[in-house]
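# quick one: sequence plus predicted model below, questions after.
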Amino acid sequence: MLLDGLQLPLTTPFYPDGRLNLPKLEHNVMRYSKTPAAGLVALGETGDRTMLSDEETRHVLRSVAAVATVEKVLIAGVSRDSVAGTLDLAEAAAEYGYDAVLVRRPSILRQDRTKELIAYFQAVADQSVLPVLLCSSNSQDGAILPEESVIELARHSKIIGIVDGAGDRGWIEAIKAGSANVKHTVTVTTVFAAVTGRMESRSEGSEAKDLILATSLTDGGAAVAVAHSKPMVTRTKVVGFQILAGATGGMLESLRQGAVGAMPAFAAAAPQACYEVLAAWKDGDEGLAREKQVRLQDVAARVERQLGVAGIKFGCDLNGYFGGRPRLPLLPLSGEERAEIEALMQGMRN
C-alpha cells in the first residue's frame, strides 16, 4: 500500500456523558473525505484507542469505513498488548475494508525487552491479513522503537513502513540506510495515487452494476439490460520502507530526510494547513514548504505536546469538525487555554 501524502489521524467523539458518538464521527469522516488528505487513520495516537472497549473499537472502525470515500487509504489502529488481541482487531479491520493496520509497542514491553518486541511485531505481521505499519512514538512515553529493531522488522514482507513520532534526524537516517535494500511493489492509479482495496472491489463488481429491467426495449419481453463500466486502469510502483512524519512540527525535516508523507496529530484540526507543507515540498518549493511549516510551529508545539487530545479536539471545534469533550480521566480545556488556541489558530480555517 502506497503511503505518500497526508494520512490524517481522526479523533474519537464522545457524548457529554462519555458514550461513543458515532454520528459525529461519521460527520467528521465525510468532511475529511473532501480534503486533500490521502488517507484517514482510525484510532491512531490521538484517537483515544486505549480508552475504548473492543466492542467500541469495532464500532469506530466500522463507522469510519462505512462513510469514507473509496479513494482514501484507510489505516486502523489495532494495537493490543497481546498478539492475539491485535490480530483479532486486524481481522475485523480487514472485514470492514481497511488497507493497513497501525501497530505500536505493547505497553508491557519497554526498552530492555528487544527480543520480545521483535517477536511481537513479527508474529502480528506473519498472521495479519493486512499490511502492518509500525508506530514509534516519542521518547517521553517510552514507546520509541530502537533503530536496530526497526531495521530488522523492515525486512518482513508484510511490514511496509513506520510512523516516526520523535522526529530525530539521526534515527531516520539510520532507518533509511539500514532498509535501503527493502522493496515493495504497490498498486497505484495512472497518476501514481494509492489504489485502495475498496477501489479494487468496486472495479471488480462494476460489471454487475446498473442492472435495468428492459421490458420496454423488447416489446414487453422479460430481459435485463446491463450497463457495463470500464474497469479501473492501474499500474505498479516499487517503493522502499516507507517513513511517515508523526509530529506536526517535524514534517518538513522528516521530508528532507526521506519521509514519504506525514501523520501529524494536528491535521485533525487543520488538515489544509498541514497538507500545504507536503504539497509545497512535493512541488519542489522548499521555501514555501518552510514558510508553511513555520506557520504551524507554535500552535503544534502547544497543542500536541502540552494540551494533547483535549487541545486537538478544541481545534477541531474551531474548524467545523466535531471535537467535543475528551473522555475521562482527560479533562476539557480551561477558558484561558481555549482562548489561547483560538488566537494561535487565527487564519487556519478549513
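Alright, I've got the coordinates.

# would you list every one of the strands in the stretch 251-350 of the chain?
261-262 (DSSP state E, counting those that start in this stretch).

# could you list the low-confidence segments of it?
Applying pLDDT under 70 to the stretch 251-350 of the chain picks out residues 349-350.

# could you give the mean pLDDT of the host helix or strand of Thr185?
Following DSSP states H and E, one finds Thr185 within strand 184-188. Taken as a whole, strand 184-188 has an average pLDDT of 95.

# contact partners of that strand?
1-2, 157, 160, 194-195, 200, 234-241 (CB atoms under 8 Å, 6 or more residues apart in numbering). To be clear about C-beta, it is placed using only N, CA and C from the backbone, and glycine gets the same treatment.

# and that strand, what's buried?
Buried residues in strand 184-188, counted by 16 or more other CB atoms under 10 Å: 184, 186-188.

# before we move on, what about stretch 177-193?
Across stretch 177-193, burial judged by 16+ other CB under 10 Å covers 178-179, 182, 184, 186-188.

# could those residues go into TSV alongside distance to Ala262?
Listed next are the buried residues of stretch 177-193 as TSV, based on distance: CB to CB, whole Å:
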residue	distance to Ala262
Gly178	21
Ser179	18
Val182	20
His184	19
Val186	18
Thr187	22
Val188	19
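
# in helices only, show me the contacts of strand 184-188.
The helices, defined by DSSP state H, take in Glu200 from those.

# which of the contacts of strand 184-188 count as buried?
1-2, 160, 194-195, 239-241.

# farthest-separated two in those?
Val195 and Phe241 (19.7 Å; CB to CB).

# what's the domain layout of the protein?
Split into domains by automatic domain parsing, the chain comes to 5-195+234-306, 197-233.

# can you flag the weakest of these by average pLDDT?
Among those, domain 197-233 scores lowest, with a mean of 62.

# list phi and psi for the residue most central in space within the chain.
Most central in the chain under CA atoms, centre = their mean is Val41, positioned 2.9 Å from the mean C-alpha point. Dihedral pair for Val41: phi -120, psi 110, per degrees, to the nearest 10.

# give me every residue that touches it.
7-10, 47, 75-77, 102, 263.

# give me that answer again for 6 Å
7, 9, 75 (CB atoms under 6 Å, 6 or more residues apart in numbering).

# quick one: it and Arg256, what's the gap?
23 Å (CB to CB, to the nearest Å).

# for Val124, same thing?
Counting by CB to CB, the gap from Val124 to Arg256 is 31 Å.

# so those two - more neighbours on which side?
Val124 (24 against 13; other CB atoms under 10 Å).

# in space, what's closest to the more buried one - neighbours in sequence excluded?
Once flanking residues are discounted, Val124 sits nearest to Thr86: 5.3 Å by CB to CB, 6 or more residues apart in numbering.

# and the one you found, how many residues sit next to it?
So Thr86, with other CB under 10 Å, has 24 neighbours.

# contacting residues for it?
78, 80, 124.

# is it true that it lies in a strand?
No. Read with DSSP: H, G, I helix; E, B strand; the rest coil, Thr86 is helix and lies in no strand.

# re the thing from before, looking at the contacts of Thr86, which is nearest Ala247?
Nearest to Ala247 among the contacts of Thr86, with distances taken as CB to CB, is Val78, at 21.9 Å.

# my guess is that closest one meets Asp88, correct?
No. With contact defined as CB atoms under 6 Å, Val78 and Asp88 do not form a contacting pair (8.3 Å).

# in terms of neighbours, single out the busier of these two.
Set Val78 next to Asp88 and count neighbours by other CB under 10 Å: Val78 wins out with 29 against 15.

# look up how far Ser149 lies from that one.
20 Å.

# distance check, the residue lying closest to Gly85 once chain neighbours are set aside against Leu43.
Using CB to CB, 6+ apart and skipping the chain neighbours, the partner closest in space to Gly85 is Asp54 (7.6 Å). Distance of Asp54 to Leu43, computed by CB to CB: 11 Å.

# more neighbours: which of the two?
The residue with more neighbours, out of Asp54 and Leu43, is Leu43; 26 against 12, by other CB under 10 Å.

# tell me where this structure has helices.
Remark: helices assigned in the chain by DSSP H are 22-32, 54-67, 83-96, 114-127, 147-154, 169-178, 197-204, 251-256, 271-282, 286-300, 308-318, 335-344.

# Throw those into JSON lines and include distance to Arg327, thanks.
Converted to JSON lines, those look like this (distance: least, CB to CB, whole Å):
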{"stretch": "helix 22-32", "distance to Arg327": "13"}
{"stretch": "helix 54-67", "distance to Arg327": "10"}
{"stretch": "helix 83-96", "distance to Arg327": "19"}
{"stretch": "helix 114-127", "distance to Arg327": "26"}
{"stretch": "helix 147-154", "distance to Arg327": "31"}
{"stretch": "helix 169-178", "distance to Arg327": "32"}
{"stretch": "helix 197-204", "distance to Arg327": "29"}
{"stretch": "helix 251-256", "distance to Arg327": "28"}
{"stretch": "helix 271-282", "distance to Arg327": "23"}
{"stretch": "helix 286-300", "distance to Arg327": "23"}
{"stretch": "helix 308-318", "distance to Arg327": "9"}
{"stretch": "helix 335-344", "distance to Arg327": "18"}
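
# I'd like to know which of these is closest to Tyr15.
helix 22-32 (8.6 Å).
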